[in-house]
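In: Predicted model and sequence follow; I will ask about them next.
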Amino acid sequence: MIKRFLLLLLLLLPQLALAADDPRMQVDVFADSNDNITTEYLHANIRKAADMALPQLWRRVVLQSAQRQIPKDVKAVQFLQRVSPTANGVSVEFNQRRVIAFLKKHNIPHLADLPAWNLSLQISNAAGRSMPESAAMLKRRAGSEGQTWGYAIDGAHESLVLHWRWLDSRKITLSVRGTSRLGEYSETRTVGSGDPFRQLNPWLSEVLLKARGAYASNAIASKPAPETPIVTATGMTAQKEPVILSIERHASLPEQVLFEEELRRDPRVVDLSLRQVNRDGQQYRLLLKGSDEQWLTQWFKRRGLTLTPTVEGWVAR
């Protein structure tokens, strides 16, 4: 009997260690009075709790551009390791081996392991003076967002050095260096006036998600699709040229990220990338699939915004 117990324990140890090593596999689900989800309900409905946790798991493990490839009918219970009750809900733990095997089977680009970097942020104003307080705030935000997006800030890993430098009152250049898979590059953007933290925070999130994507597994390159003509907002036919989408609305960072994620997941969107941030809102480069742009009007209307065509593209207010 003791031998059988020890054998069973030895078989379970690798799975337990695997689950404990990757924090992405653990998702906390909380009671929500707005949806009539009580703590007692979560404690009694393990399958429902697991289904509620699954989108957060995919957000951490699957690339944003590949979210639409996840089968709609997948059930969270097939990946379930354990569910533990908490004071305000439950803690759902998924089995990493099953999760990664599923993503490999369906050829979905994913992150098999937790990406981690020794992140260093440097900010210099137009006079060349360092801005350590803004850099410290951005680094704290990067650490807190890691739990949402599935990466870690850890001094024992590859270096990722980001240096923002104001060229004048509106132009900022970013230099990316270090030993991470993201490599080294630089770019310059134009921003509006305002608090440096609010100006740089979306840019930082964009860079970290790009760095995370550099560690993707199973991202098999496909043959380039033939060029499809699209009609821009000005009525001119172009070969897959992006239009400019301006959002004139003040939104918190979580609201902005959710908006970007929702629009990016629409199958009619080929690419959405942040162009600049100013005090009036955000500006994006938007590339659509096919020749129909009119659906965008209804898409924004359902979210309380009016979409108006401009010479460059669209503006949503």
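Out: Alright, I've got the coordinates.
In: what ranges of this structure fall below the confidence cut-off?
Out: By pLDDT under 70, the low-scoring segments of the chain are 1-20, 218-241, 250-255, 275-280, 290-292, 311-312.
In: so who does the nearest residue to Ala112 once chain neighbours are set aside touch?
Out: Nearest residue to Ala112, sequence neighbours excluded (Cβ to Cβ, 6 or more residues apart in numbering): Ser217, at 4.6 Å. For glycine as for every other residue, the C-beta is placed from the backbone atoms N, C-alpha and C. The contact partners of Ser217, by Cβ atoms under 8 Å, 6 or more residues apart in numbering, come to 104, 109-112.
In: In the residues you listed, find the pair that's most separated.
Out: Across the contacts of Ser217, the longest distance by Cβ to Cβ is 12.2 Å; it joins Lys104 and Leu111.
In: The two: who's more crowded?
Out: Remark: of Lys104 and Leu111, Leu111 carries more neighbours, 23 against 13, as counted by other Cβ atoms under 10 Å.
In: quick one, phi psi at that one?
Out: Backbone dihedrals for Leu111, given as degrees, to the nearest 10, come out at phi -110, psi 100.
In: Any figure for the gap between it and Ala211?
Out: Leu111 is 11 Å from Ala211, where distance means Cβ to Cβ, to the nearest Å.
In: so Gln122 touches His163, yeah?
Out: Yes - contact criterion Cβ atoms under 8 Å: Gln122 and His163 qualify, at 4.2 Å.
In: quick one: secondary structure of Ser205?
Out: Three-state assignment for Ser205 (DSSP: H, G, I helix; E, B strand; the rest coil): helix.
In: gap between stretch 287-305 and the chain center?
Out: Between the centre of stretch 287-305 and the centre of its host chain there is 22 Å, according to Cα atoms, centre = their mean, to the nearest Å.
In: Now the terminal residues of it, how far apart.
Out: Terminal residues of stretch 287-305 lie 20 Å apart, using Cα to Cα, to the nearest Å.
In: Please identify the buried residues of that stretch?
Out: Across stretch 287-305, burial judged by 16 or more other Cβ atoms under 10 Å covers 288, 293, 296, 299-300, 305.
In: Secondary structure element holding Arg98?
Out: helix 96-105 (DSSP states H and E).
In: after that helix, next one along is what?
Out: strand 116-124.
In: helices and strands around that next one, which ones?
Out: helix 132-149, strand 152-153, strand 159-166, strand 171-178, helix 196-213 (3 or more Cβ pairs under 8 Å, 6 or more residues apart in numbering; DSSP states H and E).
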